[in-house]
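Undergrad: prediction below, plus the sequence it came from.
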Amino acid sequence: MPQMPAAIETREDNTLVLNMGPQHPSTHGVLRLVLEIDGETVVRLRPEIGYLHTGIEKTCEAKFYQQVVPLTDRIDYLCPLTNNLTYCLAVEKLLGLEIPPKAQWMRVLMNELTRINSHLVWLGTHAMDLGAMTVFLYCFREREDILRFFEMVSGQRMMTSYFRIGGLALEPPLGFFEKVKKFADRFPGNVDEYEGLLTGNPIFQMRVQGVAKLSAEDAIALGACGPTLRASGVDIDLRRDVPYSGYENFKFKVPTHDGCDVWARYVCRVQELRESIGIVQQALAGMPEGPVKADAPKVVLPDREKMKTQMEALIYHFKIITEGFTVPAGEVYQAVESPRGEMGYYIVSDGTAKPYRVHMRGPSYANLQALAKMCEGYLIADVVAAIGSIDVVLGDIDR
Amino acid sequence: MPFPPPITNVDELKSHPALARLLDANTAAVEAVKYDRDELTIWVSRDFAREACALLRDDPECPFNYLADLTCVDWYPSEPRFEVVYHLLSIPKKERVRVKARVHGSSASIESVTSVWPAANHYEREVFDLFGVRFTGHPNLKRIMMPDDWEGHPLRKDYPVEGYR
């Protein structure tokens, strides 16, 4: 057994080393922070991670390309569809596969619902950490609706695996778009509700304004991404700047804020909720007709019905399941704007049916490095606000 | 639509700002280059890697100021065995470039880029932990994912998927 440091140890310079986590309600998982404190002030903060390490990258190397999709769900469990999307886009880029428009639009639609889902969990838990209990209940009410949409299309509430290499797993069921439309019409009112509880609330404002500041230079140098970076005044959003999966067809604003503090991150994310629902509306209005899978019989599994009636379909199905499909040798780095920032998949292919190397660049892993800088000089209670503001997901960090 | 075949001729790709910058600074250290699937990869010599990163970060025309990712690929049993991979992003120009450095398995070490980007700290620790590549000049090169007393480096190709039993 490795020697665990004592939970509390005193230093010569009168600072105290205090252990926070891995079992701590405000660390949102198994994050362990070692704080060096002087009274109530944080002098240094060191994140200790790895408690959730499952070796997914190693596991990927032993699987066929299509078998990796369910593994990607489990990395960032608050946005499984974004992970599916990043992985599928990367492999499709290696294959040079063209995806039909309906599948692309569905991917955008589901991806934005995922963003709302993830931001709702963030908003609820972040507010709860800071003592505003009610918001949590409101957020999870709407989140439940979104999870039902996921269940409608994929049969699963969280581990969806709905995007597959070459398109989608299934056609969305009848009545799906009407239900999403109803939700999208109602949702801006719900955001007003959350904002009514928090934005004008002086207790919440005092708790977050001017806390855990991170300058734009530090944010870039430390690799912060997503809303954490945009709240430091850096205007970058991969959906707009490096469009993928048909995002160039959608109109949306990228909220930024110059505050650099927890409040700025809160404002950015709440604005993103509104922008995302706008994208959902656009996707619903312009949803093209057509197939949801690419015309690539060697890569995409045939429909069940075809498999029962056509010999070729049966053969392709058998071949894909038993020996996978080969992917041309090469390498790609595909980045996607996940709810937490730049999620990148680096895939190296050696021309066989199994990936030679899969590396996931998790946005939480990058943002965590900025946490230490953010918290220095602030109070212990502010650390809780800072952790909430970067929206860590430990599954994404440890992989 | 299949992508066109990769371009590996240095002269054809000279116009790319990142490559031009590195060729200007040290032509001999640029070992190879590849443009494939809309992505540019530049292989630099191991000893030039840190300097190359610093040069690209401070490029006045197209500053690659953001370290998006740092990882490693193990090409066991061929030598040089490891490829340390830097994915750089230019926030002002929204350009990407991939810089690679080949590292021999016998003395797997390369200069740390933590002095260029503090962000490299955790990434380099991860590569050290899972591949066993040492980064000289790193402020705190310890295991990050695996327990401190773990034996072996799990992402090496000669490490079994089930681990040692």
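TA: Structure received.
Undergrad: which residue packs closest to A:Arg207, ignoring adjacent ones?
TA: Counting by Cβ to Cβ, 6 or more residues apart in numbering or on different chains, A:Arg207 lies nearest to A:Leu130, which is 5.1 Å off, once chain neighbours are set aside. For every residue, glycine as well, the C-beta is placed using N, CA and C.
Undergrad: can you show me the strands along the chain?
TA: No chain specified, so I'll use chain A. Secondary structure of chain A (DSSP state E): strands located at A:8-10, A:16-20, A:32-38, A:41-48, A:163-164, A:167-168, A:330-338, A:341-349, A:357-361.
Undergrad: sorry, should have said chain B
TA: Counting by DSSP E, residue ranges of the strands within chain B are B:30-36, B:39-44, B:66-74, B:82-90, B:95-103, B:109-111, B:134-136.
Undergrad: and the third one, what does it pack against?
TA: Contacts of strand B:66-74 with other secondary structure elements, assessed using 3 or more Cβ pairs under 8 Å, 6 or more residues apart in numbering or on different chains; DSSP states H and E, are made with strand A:330-338, strand A:341-349, strand A:357-361, strand B:82-90, helix B:120-131.
Undergrad: what's the burial count for the residue of chain B found nearest chain A?
TA: For chain B, the residue positioned closest to chain A under Cβ to the nearest Cβ is B:Ala119, at a distance of 3.0 Å. The tally of other residues near B:Ala119 (other Cβ atoms under 10 Å in any protein chain shown) stands at 25.
Undergrad: excluding chain neighbours, what is closest to it?
TA: In space, and not counting its chain neighbours, B:Ala119 is closest to A:Gly223: 3.0 Å by Cβ to Cβ, 6+ apart.
Undergrad: quick check: the one you found vs A:Arg357, distance?
TA: Here the criterion is Cβ to Cβ, to the nearest Å. By it, A:Gly223 lies 21 Å from A:Arg357.
Undergrad: interface residues of chain B facing chain A?
TA: By Cβ under 8 Å from any Cβ of the partner chain, the residues of chain B that approach chain A are B:1-3, B:6, B:36-37, B:39, B:41, B:65-69, B:71, B:73-74, B:85, B:87, B:89, B:91, B:94, B:96, B:98, B:117-119, B:121-122, B:130, B:143-149, B:154-155, B:159, B:161.
Undergrad: among those residues, which ones are buried?
TA: Neighbour counting with 16 or more other Cβ atoms under 10 Å in any protein chain shown marks B:36-37, B:39, B:41, B:65-69, B:71, B:73-74, B:85, B:87, B:89, B:91, B:96, B:98, B:117-119, B:121-122, B:130, B:143-146, B:154-155, B:159 as buried within the residues of chain B next to chain A.
Undergrad: about what we covered before: format the helices and strands packed on strand B:66-74 as TSV; extra columns: distance to A:Ala184 and mean pLDDT.
TA: Converted to TSV, these look like this (distance: least, Cβ to Cβ, whole Å; pLDDT from 0 to 100):
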stretch	distance to A:Ala184	mean pLDDT
strand A:330-338	20	91
strand A:341-349	24	92
strand A:357-361	30	92
strand B:82-90	32	92
helix B:120-131	38	91
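Undergrad: pipe these into TSV and attach distance to A:Leu301 per row.
TA: Supplementary listing: those in TSV, determined by distance: least, Cβ to Cβ, whole Å:
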stretch	distance to A:Leu301
strand A:330-338	22
strand A:341-349	20
strand A:357-361	21
strand B:82-90	32
helix B:120-131	33
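Undergrad: A:Gln310: which of these is closest?
TA: The closest of the helices and strands packed on strand B:66-74 to A:Gln310 is strand A:341-349. By Cβ to Cβ, the value is 29.6 Å.
Undergrad: is chain B contacted by that closest one?
TA: Yes - shown here: strand A:341-349 in contact with chain B (Cβ under 8 Å from any Cβ) through A:342, A:344, A:346, A:348.
Undergrad: ok, stretch A:231-246 next?
TA: Yes - using Cβ under 8 Å from any Cβ, a contact is recorded between stretch A:231-246 and chain B, made by A:234, A:236, A:241-242.
Undergrad: before we move on, back to that, out of the strands of chain A, nearest to B:Ala28?
TA: Ranking the strands of chain A by their distance to B:Ala28 (criterion: Cβ to Cβ) puts strand A:330-338 first, at 24.8 Å.
Undergrad: got the angle between that closest one and strand B:66-74?
TA: Orientation of strand A:330-338 against strand B:66-74 (axes from the mean of the first three to the mean of the last three Cα atoms, to 10 degrees) gives an angle of 140 degrees.
Undergrad: does any part of strand A:330-338 sit near chain B?
TA: Yes - part of strand A:330-338 sits close enough to chain B to count as contact by Cβ under 8 Å from any Cβ, namely A:330-333, A:335.
Undergrad: for A:Gly223 and A:Arg357, work out which one has more neighbours and name it.
TA: Ranked by neighbour count (other Cβ under 10 Å), A:Gly223 and A:Arg357 place A:Gly223 first, with 30 against 23.
Undergrad: and the more buried one, what's its pLDDT?
TA: Looking at A:Gly223, its pLDDT reads 88.
Undergrad: give the PyMOL command for selecting the buried subset of the residues of stretch A:231-246 next to chain B.
TA: The command below creates a PyMOL selection of those among the residues of stretch A:231-246 next to chain B that count as buried (16+ other Cβ under 10 Å):
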select buried, chain A and resi 234+236+242
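Undergrad: switch the residues of stretch A:231-246 next to chain B over to TSV; also include pLDDT.
TA: Below are those laid out as TSV (pLDDT from 0 to 100):
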residue	pLDDT
A:Val234	89
A:Ile236	89
A:Asp241	88
A:Val242	87
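Undergrad: closest to A:Tyr65 out of the residues of stretch A:231-246 next to chain B?
TA: Top of the list for closeness to A:Tyr65, among these and by Cβ to Cβ, is A:Val242 at 23.5 Å.
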